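Build the 3D model from these lines:
(chains A and B)
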Amino acid sequence: MNWLDSSSYSWQALARHKVRTLLLLLAVAIGVASVLILTSLGEGAKRFIEQEFNALGNQVLIILPGKKETTGGSVPIYGTSPRDLTIEDANAIAKISTVKIMAPIIAGTTLVSYQSKSREVITLGSTQAIFPVRKLTIGQGKALPKSSDNFSSPVCVLGAKIKQELFGNNVAIGEWVRFSGQRFRVIGILAERGESMGLDLREMAIIPIRSAESLFNSPSLFRILLELNQTGSEIYTEEKIRQIIAKRHDGEDDISILSQNALMSSFSNILTLVTASIGAIAAISLVVAGFLIMNVSYVSVSRRREEIGLLKAIGATAKEVRQLFLIESFMLVSLGVIAGTVFGYGVVTLASYFWPDFPLAIPWWSPIASSSVALAIGLLFSWLPASYAARQDPVLALRGY
Amino acid sequence: MTDLIVSLKEVNKTYQVGEQGLCVLNKVSLNINKGEYISIMGPSGSGKSTLLNMIGLLDRPDTGQYLLHNSSTTDKTEEYRAELRKKHIGFIFQNFHLIPRLTALENAELPLVLTGLPRKERRKIVKTIFSQLGIENRSDHLPKQLSGGQLQRVAIARALVMNPEILLADEPTGNLDQASGKEVIELLESLNKQGITLLIVTHDKAIGQRAHRQLSMIDGKISQDKDNHQINRATQ
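Take a look at the predicted model:
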């Protein structure tokens, strides 16, 4: 019996039992589609985080005061060292040859007020360099002047949301606002941009670093952002930084350095793992579909005993009978896989149309994995019923017993 | 003897029914020559269908020998027996056993499909046989669209496509009215005249007595073996 004939024979059997075929097909399709959709969520999360890191710019090192010596625990977001990281430390680090741009940051919360309105605002004290490092763009006005690197001056750049809340649609550039009582002139407004690394830049204000030092009455840096000249120089730079800090901090190397690439790849690894586990959980529905196929195939074999008996009487071997039933399931599962893949991709496309912020995407391995699992399960679970069919005694089967 | 096709030697077959074994074939010995026309008659449960299935290689004897063309079949694998069945034996059943989802033509070509013959050649063979049997204009009909006589013709066509030496018919007229039953029997007899060896299991005395050689079975034994006519050896 050649393959073409076997498949057309099996196809006729499937076409004849439309409802049964359709229901089984649906079971497989749901399994495949749920694997695709769930893994697309995981992959979406991964891409979302990658996007966030990329917004931060490539080749960025972040230096934080304090050090986590022990393993485990999260990255120290807020420094815990008794020894501050200062602007002088930052300036020393900026002299390393591989550092392209250095932006020190002092952070704090201040009450920003304009006329009768006031807002609690996270205020970053920094230099002009923060704009290129954080990839900030100015919507109106201008960025901090170059002189703000070294001198205190009463100017500020506001986030778009703060501007809207304090000034509404009125012109803000050139107006005076108060930061905890001190007057600052608004010289620029940041362009609209979404969240970045958990900080909503629309709700921030940026002032010169020396002004922040006096405003918060503390020289202690929140962190230092570095952008490097070329890729692959992180390790060298990190070593240099540690040497400089150790020299300046009485031999103590009490800082933490985050490299964006390292952070991103560990996030990415974790999320790939998460995505794979979600996919595996979704694959349970494929196993359920497999059991369904097995059940229904058993019923189908007992209802088609006469046919099996006849096939044997006209010379079909047990092997050929089993092959027919296996081809039937194989075709059924293949159709289910196709339907499920189309459905899964359809849902994801539709979802990303309605929810464009979240980069939903089906990872490349997901359709391959789900269809091969579906086919493997389909064949595995129809093996038993097919062998049962092949074992039928033709004499009894013909009588329909 | 070159024309001896089937040779059963002391064949026993017992079915387990409840606690007791039911002996359906009891030391049956039978020789069948090429071109014979044999009827097997007997009451229900006398073992005539089992004998037919035994000759058709669907059943295996518990003890005894079955030689087909002087070579033993009892010690062969199931796969090999299926192969022999495909080549040498055509079956016709009381209730036709056509597959309802397939057309008359597709039903008849099934044995050829199993051999892997290309579609075109299959169609040619089936068409020729269909026109011999007078059902060429029924090829594309489904079984439910055919009458009993036509169904049995399709089944006969299916038995003939492999050009078998032995045609085994188990109550071929059992589900047919008088007229179409007679037609079917005449058709089978004409095939026998062309040289095919024909075995018919039947309840119907009138049909049984048309056969050249009449076997009667009681309780798993051949009680009577009557040879009415000279064996037709026209084909030799």
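
How much space separates residue B:175 from residue B:164?
22 Å (C-beta to C-beta, to the nearest Å). C-betas here are computed from N, CA, C, even on glycine.

Comparing these two, which residue is more hemmed in?
Set residue B:175 next to residue B:164 and count neighbours by other C-beta atoms under 10 Å in any protein chain shown: residue B:164 wins out with 20 against 15.

Contact partners for the residue nearest to the more buried one when sequence neighbours are not counted?
Excluding its sequence neighbours, the residue lying closest to residue B:164 (C-beta to C-beta, 6 or more residues apart in numbering or on different chains) is residue B:90, at 4.0 Å. For residue B:90, the contacting residues are B:158, B:159, B:160, B:162, B:164, B:166, B:167, B:168, by C-beta atoms under 8 Å, 6 or more residues apart in numbering or on different chains.

need the residues of the stretch 251-400 of chain A near chain B, please.
Contact residues, the stretch 251-400 of chain A versus chain B (C-beta under 8 Å from any C-beta of the partner chain): A:306-307, A:309-320, A:394-395, A:398.

give me that answer again for 7 Å
Residues of the stretch 251-400 of chain A that fall close to chain B, judged by C-beta under 7 Å from any C-beta of the partner chain: A:306-307, A:310, A:312-320, A:394-395, A:398.

Excluding sequence neighbours, find me the nearest residue to the one residue in chain B that gets nearest to chain A.
Ranked by C-beta to the nearest C-beta, the top residue of chain B for proximity to chain A is residue B:86, at 2.5 Å. Leaving aside its chain neighbours, residue B:86 sits nearest to residue A:315 (2.5 Å; criterion: C-beta to C-beta, 6+ apart).

now do residue B:101
residue A:16 (4.1 Å).

what's residue A:323 in contact with, if anything?
residue A:6 (C-beta atoms under 7 Å, 6 or more residues apart in numbering or on different chains).

what helix or strand is the residue positioned nearest the centre of chain B on?
Centroid check for chain B by C-alpha atoms, centre = their mean gives residue B:168 as the closest residue, at 0.9 Å. Per DSSP states H and E, residue B:168 falls inside strand B:166-170.

where in the chain is pLDDT low?
Assuming you mean chain A. Applying pLDDT under 70 to chain A picks out residues A:1, A:55-58, A:67-82, A:193-199, A:400-401.

You answered for a different chain; I wanted chain B.
Residue ranges of chain B with pLDDT under 70: B:1-2, B:229-236.

what do you get if the cut-off is 80, keeping everything else the same?
Across chain B, the ranges flagged by pLDDT under 80 are B:1-2, B:16-19, B:228-236.

quick one: the strands in it?
Assigned by DSSP state E, the strands in chain B fall at B:4-17, B:20-33, B:37-41, B:63-68, B:71-72, B:89-92, B:166-170, B:197-201, B:213-218, B:221-227.

cool, the stretch 1-150 of chain A as well?
Applying DSSP state E, counting those that start in this stretch to the stretch 1-150 of chain A gives strands spanning A:60-65, A:99-114, A:117-126, A:138-141.

ok and the longest one relative to strand A:60-65, angle-wise?
In this case it means strand A:99-114. Using axes from the mean of the first three to the mean of the last three C-alpha atoms, to 10 degrees, one finds that strand A:99-114 and strand A:60-65 are set 60 degrees apart in direction.

relative to strand A:117-126, how tilted is strand A:99-114?
If you take the same axes, to 10 degrees, strand A:99-114 sits at 160 degrees to strand A:117-126.

Tell me the strands beside strand A:99-114, with direction?
Strand A:99-114 pairs in its sheet with strand A:117-126 (antiparallel), strand A:176-179 (antiparallel), strand A:223-228 (antiparallel), by DSSP bridges.
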